[in-house]
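S.K.: Next comes the sequence, and after it the predicted model I'd like to discuss.
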Amino acid sequence: MTSDLGRYYVQHYFNLANFGKYLIVAIIGLAAVMAVMLTIAWQQRQATERSIREHFSYDREAYAHDVRYRESVNSRIYSRRRAAAHRGISIIESFYELVFSSTSILLFLSLYNIVDWHMPQVWAVWDKYKDLILVIFLMFSVLFANILDRFLVQLPHLSDEDKGALRLVSNLYIILILLYIKFIYEDANYDSMIIYFISLSLGRFIYFDFSWQDFTKTVSGVLSKLPVMLLLLAYSAFMCWYGFRVDFLLTSNGVLVSTLIAHLFMDLSIFILEKMQLLKLFL
């Protein structure tokens, strides 16, 4: 029975027509998100240009006759423009990192869920060690996220500090998904996961030797990435809504697994978009 069900899922999700249609929708959704981020990046660059015109002062006579002075001024202007361009690229890479990190967590949560619900042959050992296994799975999710942002799409403009803030934001994103499942579907099976992720997130803010400076720095990093999380929420909500509406995503395999499948298509769309190198036309 289980093998027949597994065969049905494989045939359903890897049906070329179903797969292709859902991938096209994922690419269209990603293009809409990109349009928003590119608009933000363009506005930031325009603000930088206005700032240069209105507030960047220099000796125009010296600029006209002194080569070294002109090179120094041009270098300072270039640095400002490059910083603005870097901010635009980092917005997009932050979105990619958040998608990859969330996919990694959802992957191992889904594996945990599948074992917990559908593999009675290991339940005797599972009940004894499942909390430890959950921690191990989440450790593997971090490693898998590193693999995605190194080999699937490289993210050279994000610092380790940026990635740390985004990993914390991805925890908050997962909490929102689990809370949605709990209250909308009235499913209490994820309560332990919710408590674990809340504890994990709080631990990033408050730990045994934390200082007020560390706390405010962490809060500032998270707040700066929340707009990216809102974009991801909108994108993933659209992908899940469409998937369930056209019966590509199946409630029979669980909402969490279906959400993972939506995220895998989002990852694939990012990979395709990056290989096409279309963003270089705008940045």
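M.R.: Everything's here; your move.

S.K.: so Leu148 sits right up against Ser102, yeah?
M.R.: No - if you go by C-beta atoms under 8 Å, Leu148 and Ser102 don't touch, sitting 10.6 Å apart. The C-beta positions use only the backbone N, C-alpha and C, and glycine is treated the same way.

S.K.: More neighbours: the two, which one.
M.R.: Ranked by neighbour count (other C-beta atoms under 10 Å), Leu148 and Ser102 place Ser102 first, with 28 against 20.

S.K.: just to confirm, which helix or strand has that one in it?
M.R.: helix 67-118 (DSSP states H and E).

S.K.: which helices and strands sit right next to that helix?
M.R.: Applying 3 or more C-beta pairs under 8 Å, 6 or more residues apart in numbering; DSSP states H and E, we find helix 67-118 packed against helix 16-55, helix 60-65, helix 123-147, helix 160-184, helix 212-245, helix 255-276.

S.K.: Contact partners for the residue minimising distance to the centre of the chain?
M.R.: When C-alpha atoms, centre = their mean is applied to the chain, the residue found nearest the centroid is Leu98 (1.7 Å). Taking C-beta atoms under 8 Å, 6 or more residues apart in numbering, we find Leu98 in contact with Leu166, Val169, Ser170, Tyr173, Lys225, Val228, Met229, Leu232.

S.K.: which ones are touching the fourth one?
M.R.: Shown in contact with Tyr173 (C-beta under 8 Å, 6+ apart): Leu98, Ser102, Met229, Leu232, Leu233.

S.K.: from memory Ser269 sits against Leu23, does it?
M.R.: Yes - with contact defined as C-beta under 8 Å, Ser269 reaches Leu23; the gap is 7.0 Å.

S.K.: And these two? Which one has more around it.
M.R.: Each of Ser269 and Leu23 has its neighbours counted (other C-beta under 10 Å); Ser269 has more, 23 against 14.

S.K.: Please give me every residue in contact with the more buried one.
M.R.: Leu23, Ala26, Ile27, Gly29, Leu30.

S.K.: The last one and Met37, how far apart?
M.R.: Using C-beta to C-beta, to the nearest Å, we find Leu30 at a distance of 10 Å from Met37.

S.K.: now swap in the third one and tell me
M.R.: Distance, Ile27 to Met37, by C-beta to C-beta: 15 Å.

S.K.: Count the residues that sit near the residue nearest to Ala262 when sequence neighbours are not counted.
M.R.: Excluding the flanking residues, the one nearest Ala262 by C-beta to C-beta, 6 or more residues apart in numbering is Met239, at 4.2 Å. By other C-beta under 10 Å, the residues close to Met239 number 25.

S.K.: Give me the distance between Met239 and Arg245.
M.R.: 11 Å.

S.K.: do the same with Asn171
M.R.: Distance from Asn171 to Arg245, by C-beta to C-beta: 29 Å.

S.K.: Done for today, thanks.
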